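Novice: Fold the following for me, if possible:
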Amino acid sequence: MKQGRISQTALKVALGLITLSIKDDWAQRLPPGVVELSERLLLASGSPGYGPRMMRASRQPWMIRVYQIQDRMVPGQWEGFGHRKIFVQQQVESAIKEGARQVLVLGAGFDTLCLRLAPQHGDVNFFEIDHPATSAAKAKGVAVVGQPDNMTLIAADLGERTLSNVLSDDARWDVSQRSVVVAEGLFLYLSDEEVRGLLTETAKNTPPGSRIIFSHKLPDELKLLHVMLRLVAEPFKSAVRSEDLPEYIEGTGWAVISDVDTDPAHGIERYGVAERF
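Specialist: You can find the predicted model right below:
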C-alpha cells in the first residue's frame, strides 16, 4: 500500500459486500447490519469515488456481472468476502463466549465487526489497528455512525513499529486478558517472514488460551495475476496450503486448532484458527 493512501483493498471489500447483498440469498446470510453499516462508513469517510452515486450503482443488478468478470482474475474472491465475514464473526463470538475479554482486529480497513459487536458485549474491549491513512478515513466514518465506549481505534504502521510498541502505548490493552485476534485478509499481503513475525508479536501480547482467527492465500501459478496486482493494487506476498499451517506457524507461540479448510467457496483463500499455548 502506498504511503498516505487509503487501502484500495479495504474500500473494495466494503463495496463488494454491498453488491453481494443483492445477489441470491446473501442479504440473509451476511451478519446482521454489516451491509448497512459498511455503506454508512464509506459515505462518511469521504473516500474519493465512494460517494452516494457509487453506493447507488453498487446496488444495481448489472454490478453483479462486473464482480463476476473480476472473479476471472481472482477466482471466487468476491463471494469469498462474504464467507470470510461469516466465519470471522462466528469464531469471534465463540471466543467471547468461552472467555475472551479483548478483541483485536489487525488491518481492520472498513470492517464493521467491532462497531457491531461492541455494543452487545459491554464487558469486552474492542481494538482496531490499521495504517494511518486508512485508519483516519475509517475514524471519520466512525465519528458519524457513533463509536462505542469500549472500542478503540489505533492508527499505526506495523511495518514501521512492532505490535508490542503500539499496544504498550495504549494503556487500555491488557496483556494478561484472554483475547481474540483477527487477521482477516491480511496475511496474503505480508511476506512469510512478516506473517511469522506478526504471529510472534501477537503471542507476546496475549496470554495462553487466546485465539487468532486468520485467512491465508493458497499457493498458485497465476504469475500474470501477481504482475497485474503490483500495477493496480496491493500485491500478494505469501501463500501456504491449509494442511501445512501447523508447520508454517511453528515456533510463533500459536498452535492450529481448526480443521484443514478444503472449501472451494472460499476462493483463493482458506481460513484458520490458532490458540496461544
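Novice: got the contact list for the host helix or strand of residue 104?
Specialist: Taking DSSP states H and E as the criterion, residue 104 maps to strand 102-106. Residues external to strand 102-106 that are found in contact with it (CB atoms under 8 Å, 6 or more residues apart in numbering): 92, 96, 111, 113-114, 117, 124-130, 158, 163, 173-174, 177-184, 186, 198, 202. (C-beta placed from N, C-alpha, C; glycine too.)
Novice: filter those to the buried ones?
Specialist: 92, 96, 111, 113-114, 117, 124-130, 158, 163, 173, 178-184, 186, 198, 202 (16 or more other CB atoms under 10 Å).
Novice: Give me the distance from the strand holding residue 104 to the chain's centre.
Specialist: Remark: strand 102-106 is offset 10 Å from the chain centroid, using CA atoms, centre = their mean, to the nearest Å.
Novice: Equivalent analysis for stretch 87-105, please.
Specialist: For stretch 87-105, the distance to the chain centre is 14 Å (CA atoms, centre = their mean).
Novice: Report the buried residues of it.
Specialist: Of the residues in stretch 87-105, 87-89, 91-93, 95-96, 100-105 count as buried by neighbour count, 16+ other CB under 10 Å.
Novice: quick one: which of these is nearest to residue 220?
Specialist: residue 87 (21.0 Å; CB to CB).
Novice: How much space separates the spatially closest residue to residue 240 that is not a sequence neighbour from residue 152?
Specialist: Distance criterion CB to CB, 6 or more residues apart in numbering; nearest residue to residue 240, sequence neighbours excluded, is residue 248 at 4.8 Å. Distance from residue 248 to residue 152, counting by CB to CB, to the nearest Å: 30 Å.
Novice: same deal with residue 95?
Specialist: Distance from residue 95 to residue 152, by CB to CB: 18 Å.
Novice: now do residue 267
Specialist: Separation of residue 267 from residue 152 (CB to CB): 31 Å.
Novice: between those two, who's got more neighbours?
Specialist: residue 267 (21 against 18; other CB atoms under 10 Å).
Novice: contacting residues around the nearest residue to the more buried one once chain neighbours are set aside?
Specialist: Leaving out its chain neighbours, the residue that sits closest to residue 267 by CB to CB, 6+ apart is residue 76, at 2.9 Å. By CB under 8 Å, 6+ apart, the contact list for residue 76 reads 264, 265, 266, 267, 268.
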